[in-house]
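**Student:** Let me see the structure of the following:
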Amino acid sequence: MEQLAINGGKPAREKLLAYGSQWISDADIEEVVLVLKSDYLTQGPTIAEFERSVAAVAGVEYAVAFCNGTAALHGACYAAGITEGDEVITTPLTFAASSNCVLYVGGTPVFADVDPTTFLLDLNEVKKKLTSKTKAIIPVDFTGQPIDMRKFKAFAEKNGLVMIQDAAHSLGASFAGEPVGAVADMTMFSFHPVKPVTTGEGGVIVTNNPDYYRRLLLFRSHGITRDHQAYTNESEGPWYYEMQELGYNYRLTDLQAALGLSQMGRLGEFVQLRNNIAQTYSNLFEDLENEGLIRRPLVHAEAISGWHLYILHLQLDHLTAGRKEIFEALRAENIGVNVHYIPVHLLPYYQRLGYEKGSLPLAEQLYECFITLPLFPKMTEQDAKDVVNAVYKVLRAYR
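**Tutor:** Here you go, the predicted model:
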């Protein structure tokens, strides 16, 4: 058996392969340069163009761009009217922003456990957490796999709840033929560099609700409007504006919007490339699953995943090493593995708020066994083979 790099052997590849990376083309750069030479660096027409492109992909009427996905989720909670005393149910297997946004507006995040096969928020567990204080649900398209929003939306409508879909991972994905963003009351897409397309930093909320749209626009720009039709008083003159709400400066720049607009033209290509890499992984890891060393990720039969992340579920009972040792061994092979995510309720801040370890047993058990492999559109066939070879090398060494 080949010696592991962590023990002095030759690494599977010479240079570190990151778990995720952007793909910026010359055309992307040219579009940004055009904005740099224009009259508007921010609050200009490119932002509206970018918003229209995202709304079209999601199959909705409105889109509002924010400086990042976290700000966008904050805006969605504000638009939904979540406030002190309200509870919002979400998943613990996510980045902290999915629940932090509830805290920002004074609400209380309530975590429900996940489905053991898809790792997505389990509607049956959500039902157990429903109270008279529940105002909204924030399901998350973990790893890029879209959740079955039809079932969640029906439950939400029956109980008078707002549905805010955290689709940071799943722009361009679909479920039962409907694009992500078309069903929820509001849906957030992220444009961080490792996401489906990038604006550097950025986020967008899409919706079909005109009232949410109006509130989102106010919220991202100081609560100020220059729309005379929305004024509460008669205009003093052309310079007049009104601050109607306490908003924030959460605006995206035209520079970022130009990059995003250019990248949106390749969204379909990017999603297909991600799916191709994920399929290669799943095909080549079949033997490891048959040997009982891993579980491969599963995608719902009606879903087309965005494949933001490819996560192996290590079967640690059949391995002689723990996840930390396996993680370090793969890093030594120059495979930039990662772990997504530490369950939010286990983070120190949430522990101080009173959330308890052991309260969400399945999510906690899954986290202990998860390891994220590199997956991004610019990966080559050889990159994917290097990852597969390294995983086989390490896991079979620890059988």
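**Student:** Which stretches in the chain count as helices?
**Tutor:** 26-36, 45-58, 69-79, 97-104, 123-129, 149-159, 210-220, 254-264, 267-284, 286-290, 323-332, 348-352, 361-369, 381-397 (DSSP state H).
**Student:** Can you name every helix or strand that the fourth one contacts?
**Tutor:** Helices and strands touching helix 97-104, by 3 or more C-beta pairs under 8 Å, 6 or more residues apart in numbering; DSSP states H and E, are helix 69-79, strand 87-90, strand 108-111, strand 134-138. (C-beta placed from N, C-alpha, C; glycine too.)
**Student:** residues touching Leu218, list them.
**Tutor:** The contact partners of Leu218, by C-beta atoms under 8 Å, 6 or more residues apart in numbering, come to 224-225, 244-245, 247.
**Student:** If we only consider those residues, which is nearest to Thr90?
**Tutor:** Gly247 (23.7 Å; C-beta to C-beta).
**Student:** if I look at that closest one, how far off is Ala71?
**Tutor:** In this view, Gly247 and Ala71 are 11 Å apart by C-beta to C-beta, to the nearest Å.
**Student:** Now for those two: what residues contact both?
**Tutor:** Arg220.
**Student:** more crowded one of these two?
**Tutor:** Ala71 (26 against 20; other C-beta atoms under 10 Å).
**Student:** give me every residue that touches that one.
**Tutor:** 203, 220, 248, 250.
**Student:** so which of the residues you listed comes closest to Ala167?
**Tutor:** The nearest one, if we look at those relative to Ala167 and count by C-beta to C-beta, is Gly203, at 10.4 Å.
**Student:** tell me the centre residue of this protein?
**Tutor:** The residue lying closest to the centre of the chain (C-alpha atoms, centre = their mean) is Ala168, at 2.4 Å.
**Student:** Out of the contacts of Ala71, grab the one that's most surrounded.
**Tutor:** Neighbour-wise, these (other C-beta under 10 Å) top out at Gly203, 29 neighbours.
**Student:** hang on, isn't that one packed against Thr70?
**Tutor:** Yes: counting by C-beta atoms under 8 Å, Gly203 touches Thr70, with 7.1 Å between them.
**Student:** hang on, Cys369 packs against Arg323?
**Tutor:** Yes: Cys369 is within contact range of Arg323, at 6.5 Å (criterion: C-beta under 8 Å).
**Student:** joint contacts of the two?
**Tutor:** Joint contacts of Cys369 and Arg323 (C-beta under 8 Å, 6+ apart) are 314, 316.
**Student:** domain parsing for the protein?
**Tutor:** Using automatic domain parsing, the domain ranges for the chain come out as 5-21+267-397, 26-264.
**Student:** Kindly compare burial across those domains and name the winner.
**Tutor:** domain 26-264 (a mean of 20; mean count of other C-beta atoms under 10 Å).
**Student:** What's the end-to-end length of that one?
**Tutor:** 14 Å (C-alpha to C-alpha, to the nearest Å).
**Student:** Quick one: mean pLDDT for it?
**Tutor:** The average pLDDT for domain 26-264 rounds to 97.
**Student:** So what's the gap between that domain and the chain middle?
**Tutor:** Taking the mean of its C-alpha atoms, domain 26-264 sits 11 Å from the chain's own mean (C-alpha atoms, centre = their mean, to the nearest Å).
**Student:** What of stretch 8-18?
**Tutor:** For stretch 8-18, the distance to the chain centre is 29 Å (C-alpha atoms, centre = their mean).
**Student:** how long is it end to end?
**Tutor:** End-to-end distance for stretch 8-18, by C-alpha to C-alpha: 22 Å.
**Student:** if we look at it, which residues are touching it?
**Tutor:** 2-3, 5, 331-336, 374, 376, 379, 383, 386-387, 389-390, 393.
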